[in-house]
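Below is the sequence, then the predicted model.
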Amino acid sequence: MNKKTVRDIDVKGKRVFCRVDFNVPMQNGVVTDDTRIRAALPTIQYLMEQGARVILASHLGRPKGKVVEEMRLNAVAERLSELLGKRVVKTDEAYGDAVKAAIAEMNEGDVLLLENVRFYPGEEKNDPELAKAFAELADVYVNDAFGAAHRAHASTEGIAHHLPAVAGFLMEKEIEVLGKALSNPDRPFTAIIGGAKVKDKIGVIENLLDKVDNLIIGGGLAYTFVKALGHEIGKSLLEEDKIELAKSFMEKAKEKGVNFYMPVDAVVADDFSNDANKKVVNIDEIPSDWEGLDIGPKTRELYRDVILKSKLVIWNGPMGVFEMDAFAEGTKAVAQALADAKDTYTVIGGGDSAAAVEKFGLADKMDHISTGGGASLEFMEGKQLPGVVALNDK
Ligand SMILES: Nc1ncnc2c1ncn2[C@@H]1O[C@H](COP(=O)(O)OP(=O)(O)OP(=O)(O)O)[C@@H](O)[C@H]1O
Ligand SMILES: O=C(O)[C@H](O)COP(=O)(O)O
């Protein structure tokens, strides 16, 4: 990575404003999945060991510029205190005099967590005044919030223009793993793209078609491709206005010598529900009043073979409606194939695919699970992430 990291600067005794992505799921005031908090620990612990005063900032949810009680970061501070084995002070605001006073009390190695930065309308607007107010709290800026790096907000982008600005270890790792995959991949390189909509994956498919050896399509978006081949898809998800685009993707794959894999069979159901009637059919035999909710067993075998023969696989988006057990087998089969592919470097592109490998208990078998959903998608589209661009070059 051509950006400076925490290793390149001296933070001893300094006040460090460290942006993290603690946008974690919560239920009844308790953090239900602390993956993102744990992912930020190496940077936080390093800063503590170096004798910095660590001021953490994060968003949680989308409170739209107002205080939303359930979106306060108190429970996050508690979980972080447990993980660090040290009390983390939590302020009820994210800038201003009370925050400055709390920071003035900090000793070297102490950690403080600011309130949800999205309680202020200026955050998402990247208001220069708010960025300045954040910058006034510290001497140095560290961005470790890869999950929010695709947002040009006051705490992810604006602040970097006022202080020495470097990346944390999580940011560095995410950019290195995804960056290497896209610029210098081990081959054969396979991308698996699933999820609900073609619309959301256009940029990724376009960009990957220039880079991969194999492109595997699954999930709800596959049916627009099946339709583009002229087959009946019944009540399966269809984006009518993307049929031509789907055709052009298949043509482009042919021109570029990319192997384009589509489902050869599907699990179809007579209702969008876990206890619907279901059956397996060939992909060109979907009954007109049924819908495809998962890839079928032949497709699972086919995709498994491709995965096992690959040196690098990137996966984004589930193969079916994996939240319902009746339609989770396809997604599970892909996750299992990735887990079994010992000589393959496996990268999970965040979001639902990360949730799926977690659900199937296979997370520790993957080489890299991105902490970013939208951020990893934009990175795979080849876009520059504003939170990264704003950091100081090496
Ligand atoms: N055949 C299908 N029919 C309808 N919905 C489907 C089908 N296959 C997958 N889905 C749904 O697609 C959703 C995931 O799509 P999405 O595009 O959001 O994936 P993602 O990119 O992994 O998510 P994220 O945006 O969190 O990164 C899941 O909720 C899943 O149930
Ligand atoms: O969960 C995420 O993908 C990040 O925390 C970004 O959240 P956002 O989509 O609300 O900006």
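It's in. Source: prediction; values computed, not measured. Ligands and ions are numbered 1, 2, ... in the order given.

Which residues of the stretch 1-150 of the chain lie near ligand 2?
Asp21, Asn23, Arg62, Gly147, Ala148 (C-beta under 6 Å from any ligand atom). No exception for glycine: its C-beta is placed from N, CA and C like everyone else's.

show me the contacts for the residue in the stretch 51-200 of the chain positioned nearest to ligand 1.
Per C-beta to the nearest ligand atom, the residue of the stretch 51-200 of the chain with the smallest distance to ligand 1 is Gly195, at 2.7 Å. For Gly195, the contact set (C-beta atoms under 8 Å, 6 or more residues apart in numbering) comprises Lys201, Gly219, Gly220, Leu221, Asn316, Gly317, Pro318, Asp352.

Name the member of those residues with the most neighbours.
In terms of neighbours by other C-beta atoms under 10 Å, those top out with Gly219 at 31 neighbours.

Now the chain against ligand 2: closest residue?
Closest point on the chain to ligand 2, by C-beta to the nearest ligand atom, is Asn23, at 3.4 Å.

Now do that residue, the pLDDT please.
Predicted confidence (pLDDT) for Asn23: 96.

Give me the neighbour count for it.
Applying other C-beta under 10 Å, we find 21 residues neighbouring Asn23.

mind listing which of the contacts of Gly195 are in strands?
Counting by DSSP state E, these place Asn316 in strands.

Restricted to helices, list the contacts of Gly195.
Among these, the ones falling in helices (DSSP state H) are Lys201, Asp352.

and ligand 2, which of the contacts of Gly195 reach it?
Counting by C-beta under 6 Å from any ligand atom, no member of the contacts of Gly195 is near ligand 2.

could I get the contacts of Gly195 as a markdown table with distance to Val258 and pLDDT?
Output for these, formatted as a markdown table (distance: C-beta to C-beta, whole Å; pLDDT from 0 to 100):
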| residue | distance to Val258 | pLDDT |
| --- | --- | --- |
| Lys201 | 15 | 94 |
| Gly219 | 19 | 97 |
| Gly220 | 22 | 97 |
| Leu221 | 17 | 97 |
| Asn316 | 17 | 95 |
| Gly317 | 18 | 95 |
| Pro318 | 22 | 96 |
| Asp352 | 24 | 90 |
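
Widest-spaced pair of the contacts of Gly195?
Farthest-apart pair in the contacts of Gly195 is Gly220 and Asn316; separation 13.5 Å (C-beta to C-beta).

so what sits against both of these two?
Gly194, Gly195.

The stretch 1-150 of the chain: strands as residue ranges?
All strands of the stretch 1-150 of the chain, identified by DSSP state E, counting those that start in this stretch, fall at 15-19, 26-27, 30-31, 53-57, 89-90, 111-113, 140-143.
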